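1. what follows is a predicted structure for the sequence shown.
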Amino acid sequence: MNRIGVLTSGGDAPGMNAAIRSVVRSALYHGKEVYGIKRGFQGLMEGNMEKMHVGSVGSIIQRGGTILQSSMCEEIFTDAGQESAVQELRNTGLEGLIIIGGIDAMKVAGKIVNKFPSIGVPATIDNDIPEVDEAIGFDTALNTIIEYIDQIRDTATSHERTFIIEVMGKDTGNLALWSGIAGGSESILIPERKDDLENIMDRLNRGVEREKRYSIITVAEGVGSGFDLAKKIKEEADIEPRVTVLGHTQRGGTPTARDRVLASRLGAYAVQLLGNNEAGRLVGIKNNQLVNHDISIVFTQKSKIDGNMYSLSKELSI
Ligand code: F6P
């Protein structure tokens, strides 16, 4: 396999550029040609690609976002769209494709793999990819979030206020759970445990009784709007929470060293697997070891909340 393509798809994640850099440099190191496909699957279907060289990925390891850009392309989820993409790949003489992205991108990889050799590289701040300990971008997003939690805590303690901080994660709670633990949030609400809301109300009321009126509640967007939660708390407790929605700030920023190393390892590993004609795989790290799974697990398995981390969050927010 001597000519491969690489693209980024879905929500961008800090570290995607480090992964692109690793794919390009590793492929060139092994004597392959590598083509960067611009604007994700939309660009692929439009034949929007350029041959990459060592200098194409110079000085990007420290940059957030993705130099190949990304897109949310609905058509690629249709058979016709996948056929069109595969035809474009074949027309340009590419023999393999490395797809860097989140769960939707991995599912597209799982769909086209029967028609074209592909490898999925998990990159999403949501960290919601099954059988993968950590997706590229998760660590950087966690560090971004705790910077904001620490800043909010300054004003919360100064004014004895309760703050709700709404974080991303789509319909999963990993980002909220881990950032809540790291930020020392008094309460964490995740979609996988919505019934915690009653416990949170009890804890807030107990706090008021012991004159502790300030607290930080980290809520995952999949639970609902932070403003709706504030309204409910105001109705049921003698508290008027303020709300901060972190939004897309969680997607930007320079990737951490951890994410840069993770991305570099996974990008090179994806090239290695394609070089060995081992396509149809989802690469990842498990217990700090490089692993690869049949990409079809993205259809049969859903990422789970780590029960130990959830228990820890309950223990530390007594
Ligand atoms: O999947 C990454 C993510 O940031 C989610 O956490 C979030 O819900 C979604 O993308 C936002 O999508 P968009 O950038 O299209 O608004």
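-> That came through fine.

2. the residue in the stretch 101-250 of the chain positioned nearest to the ligand: neighbour count?
-> Nearest residue of the stretch 101-250 of the chain to the ligand: Met168, at 3.3 Å (Cβ to the nearest ligand atom). Where C-beta positions appear, they are placed from N, C-alpha and C, glycine not excepted. Met168 has 24 neighbours, counted by other Cβ atoms under 10 Å.

3. that one: what's it in contact with?
-> By Cβ atoms under 8 Å, 6 or more residues apart in numbering, the contact list for Met168 reads 125-126, 141, 175, 220-221, 246-247, 250-251.

4. how much space between the residue lying closest to it once chain neighbours are set aside and Ile125?
-> Excluding its sequence neighbours, the residue lying closest to Met168 (Cβ to Cβ, 6 or more residues apart in numbering) is Gln250, at 5.1 Å. Distance of Gln250 to Ile125, given as Cβ to Cβ, to the nearest Å: 6 Å.

5. overlap of the contact sets of the two?
-> With contacts taken as Cβ under 8 Å, 6+ apart, Gln250 and Ile125 have 141, 168, 175 as neighbours in common.

6. grab the most central residue of the chain for me.
-> For the chain, Thr124 is the residue whose C-alpha lies nearest the centre (Cα atoms, centre = their mean; 1.7 Å).

7. what residues sit buried inside the lowest-mean-pLDDT helix or strand in the chain?
-> Every helix and strand of the chain was ranked by mean pLDDT, DSSP states H and E. The lowest is helix 196-209, at a mean of 85. Residues of helix 196-209 classed as buried: 196-197, 200-201, 203-204, 207 (neighbour count, 16 or more other Cβ atoms under 10 Å).

8. report all helices and strands that that helix contacts.
-> Packing partners of helix 196-209 (3 or more Cβ pairs under 8 Å, 6 or more residues apart in numbering; DSSP states H and E): strand 187-189, strand 215-220, helix 226-236.

9. how far does that helix sit from the chain's center?
-> Relative to its parent chain, helix 196-209 has a centroid offset of 31 Å by Cα atoms, centre = their mean, to the nearest Å.

10. using CSV, write out every CA atom in that helix.
-> Output in CSV follows, covering the C-alpha atoms of helix 196-209 (Å, rounded to 0.1, in the frame of the first residue of the first chain):
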residue,chain,number,x,y,z
ASP,A,196,-28.5,12.3,40.8
LEU,A,197,-30.4,15.5,40.5
GLU,A,198,-32.5,14.8,43.7
ASN,A,199,-29.3,14.1,45.6
ILE,A,200,-27.8,17.4,44.4
MET,A,201,-30.9,19.3,45.6
ASP,A,202,-30.6,17.6,49.0
ARG,A,203,-26.9,18.5,49.2
LEU,A,204,-27.6,22.1,48.3
ASN,A,205,-30.2,22.4,50.9
ARG,A,206,-27.9,20.8,53.5
GLY,A,207,-25.3,23.3,52.5
VAL,A,208,-27.6,26.2,53.1
GLU,A,209,-28.5,24.8,56.6
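
11. what's the lengthiest helix in the chain in contact with?
-> Longest helix in the chain, counting residues (DSSP state H): helix 138-159. With contacts defined as Cβ under 8 Å, 6+ apart, helix 138-159 is touched by 13-15, 64, 124-127, 161-163, 165, 167-168, 174-175, 178-179, 182-185, 214-216, 218, 244, 246, 249-256, 258-259, 262.

12. which residue ranges of the stretch 51-200 of the chain form strands?
-> With DSSP state E, counting those that start in this stretch as the criterion, the stretch 51-200 of the chain has strands at 96-101, 118-122, 162-167, 187-189.

13. in its sheet, what does the last one sit against?
-> As defined by DSSP bridges, the strand partners of strand 187-189 come to strand 215-220 (parallel).

14. what angle separates the partner strand from helix 138-159?
-> 150 degrees (axes from the mean of the first three to the mean of the last three Cα atoms, to 10 degrees).
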